[in-house]
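Engineer: give me a 3D structure for the following:
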Amino acid sequence: MSSPTEVRDEALVRSLYRTHGQMLLSYVTRLTGGDWATAEDVVQETFMRAWQHPEVFRRSDRPVRGWLMTVARNLLIDKARARSKRPREVPYACEEHTESDRTEHVLNSIVVFKALSRLSFEQREVLLQTYLCDRTFSNAAAGLGIREGTAKSRAHYAISALRHILSGQDDLIQS
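Structural biologist: Purely as a prediction, here's the structure:
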């Protein structure tokens, strides 16, 4: 069961939040350069501090808004200092692993290039327009001077042919 003092303190913080919450969120959002998530965290922590120290607000000689803004700014400064103290994280990169990935990428590119070269010119053009240039079938068809249905049909048959060609990859590398 809550004591009468705790109930009063909670009511005080709720009242403070209704009165100053939006202003404080705007203030902290500006200080964070628009980082809304961090601003929300700081505002929440600021009101937690207000709840933990209600005696500050019972004195009439201290401006409430100024206290809230000071606490929020100090919390941001503490966060920045904590980040600067933490050692910089460097991703683990194994040189051999990177080289094997690069080699595999190059080999895959060669295989795909050779497979594409086995398609008809028309099929290759539709695939290039739709997949590599990221155009819709409608835009690709207009650019190639064909109907949209023709572009879709050519893409369908081109992909089917690529699947067939790539299912026997060994002969692509040697040829």
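Engineer: select the longest helix from the protein.
Structural biologist: helix 4-31 (DSSP state H).
Engineer: distance of G143 from E125?
Structural biologist: 9 Å (Cβ to Cβ, to the nearest Å). For every residue, glycine as well, the C-beta is placed using N, CA and C.
Engineer: still on that earlier bit, chain center to the longest helix of the chain, what's the gap?
Structural biologist: Computed by Cα atoms, centre = their mean, to the nearest Å, the chain-centroid distance of helix 4-31 equals 30 Å.
Engineer: tell me which other helices or strands it touches.
Structural biologist: Judged by 3 or more Cβ pairs under 8 Å, 6 or more residues apart in numbering; DSSP states H and E, helix 4-31 is in contact with helix 36-52, helix 64-85.
Engineer: for the last one, list the C-alpha coordinates in CSV.
Structural biologist: Same thing as helix 64-85. Extracted C-alpha coordinates of helix 64-85, given in CSV (Å, rounded to 0.1, in the frame of the first residue of the first chain):
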residue,chain,number,x,y,z
VAL,A,64,10.7,24.0,-12.1
ARG,A,65,11.3,24.3,-15.9
GLY,A,66,14.9,25.4,-15.4
TRP,A,67,15.6,22.4,-13.1
LEU,A,68,14.1,19.9,-15.6
MET,A,69,16.0,21.4,-18.5
THR,A,70,19.3,21.4,-16.5
VAL,A,71,18.8,17.7,-15.4
ALA,A,72,18.0,16.7,-19.0
ARG,A,73,21.1,18.5,-20.4
ASN,A,74,23.3,17.0,-17.7
LEU,A,75,22.0,13.5,-18.6
LEU,A,76,22.8,14.1,-22.2
ILE,A,77,26.3,15.2,-21.3
ASP,A,78,26.8,12.1,-19.1
LYS,A,79,25.6,9.9,-22.1
ALA,A,80,28.1,11.6,-24.4
ARG,A,81,31.0,11.2,-21.9
ALA,A,82,30.1,7.5,-21.4
ARG,A,83,30.2,6.9,-25.1
SER,A,84,33.6,8.7,-25.5
LYS,A,85,35.1,6.5,-22.7
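Engineer: any idea of the mean pLDDT for it?
Structural biologist: For helix 64-85, the mean pLDDT works out to 89.
Engineer: list the buried residues for the host helix or strand of G143?
Structural biologist: Assigned by DSSP states H and E, G143 belongs to helix 137-144. By 16 or more other Cβ atoms under 10 Å, the buried positions in helix 137-144 come out as 137, 140-141, 144.
Engineer: now that helix: mean pLDDT?
Structural biologist: Confidence for helix 137-144, expressed as mean pLDDT, is 89.
Engineer: now it: how far from the chain's centre is it?
Structural biologist: That offset, for helix 137-144, works out to 32 Å (Cα atoms, centre = their mean).
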